[in-house]
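**Q** okay, here's the prediction I keep looking at, along with the sequence it came from:
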Amino acid sequence: MIELKKEAIGTVVRRLRKEAGQSQEVCSGLAGIARSHLAMIECSTKIPNFETLWKLAYAFNLSPHELIRLIEEENK
């Protein structure tokens, strides 16, 4: 079994947000989560649950499985 490196999630979320040209404030608003929650995810101090990943995926115009795939690739 491959262990999840919690940094992989934060790295992918930060990269996608920056590629989209979004501030944390805009991204968190689009996802319907608190900006502080997004900041903790990006800093890898908080691991998001599936509902939060789902919301973030749609904030980046991705389907949830596409976001998970990017996280899996970063986790290797």
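**A** That came in fine, so what should we check first? Residues are numbered from 1 along each chain as shown.

**Q** which is the succeeding secondary structure element to the helix or strand harbouring residue 7?
**A** Per DSSP states H and E, residue 7 falls inside helix 6-19. Counting by DSSP H and E, the element after helix 6-19 in chain order, helix or strand, is helix 24-31.

**Q** show me what that following helix is packed up against.
**A** Applying 3 or more C-beta pairs under 8 Å, 6 or more residues apart in numbering; DSSP states H and E, we find helix 24-31 packed against helix 35-42, helix 50-59. Where C-beta positions appear, they are placed from N, C-alpha and C, glycine not excepted.

**Q** okay, buried residues for the helix holding residue 7 please.
**A** For helix 6-19, the neighbour count (16 or more other C-beta atoms under 10 Å) marks 8, 9, 10, 11, 12, 13, 14, 16, 17 as buried.

**Q** which helices and strands sit right next to it?
**A** In terms of contacts (3+ C-beta pairs under 8 Å, 6+ apart), helix 6-19 is packed against helix 35-42, helix 64-75.

**Q** chain center to that helix: distance?
**A** Centre-to-centre, helix 6-19 and its host chain are 6 Å apart (C-alpha atoms, centre = their mean, to the nearest Å).

**Q** now swap in stretch 51-58 and tell me
**A** Worked out by C-alpha atoms, centre = their mean, stretch 51-58 lies 7 Å from the chain centre.

**Q** what pLDDT does residue 3 get?
**A** In the predicted model, residue 3 carries a pLDDT score of 81.

**Q** let's verify it: helix, strand, or coil?
**A** Put simply, residue 3 is coil when judged by DSSP: H, G, I helix; E, B strand; the rest coil.

**Q** tell me how far it lies from residue 21.
**A** Separation of residue 3 from residue 21 (C-beta to C-beta, to the nearest Å): 33 Å.

**Q** from the buried residues of helix 6-19, which is closest to residue 58?
**A** Closest to residue 58 out of the buried residues of helix 6-19 is residue 16 (11.7 Å), distances taken as C-beta to C-beta.
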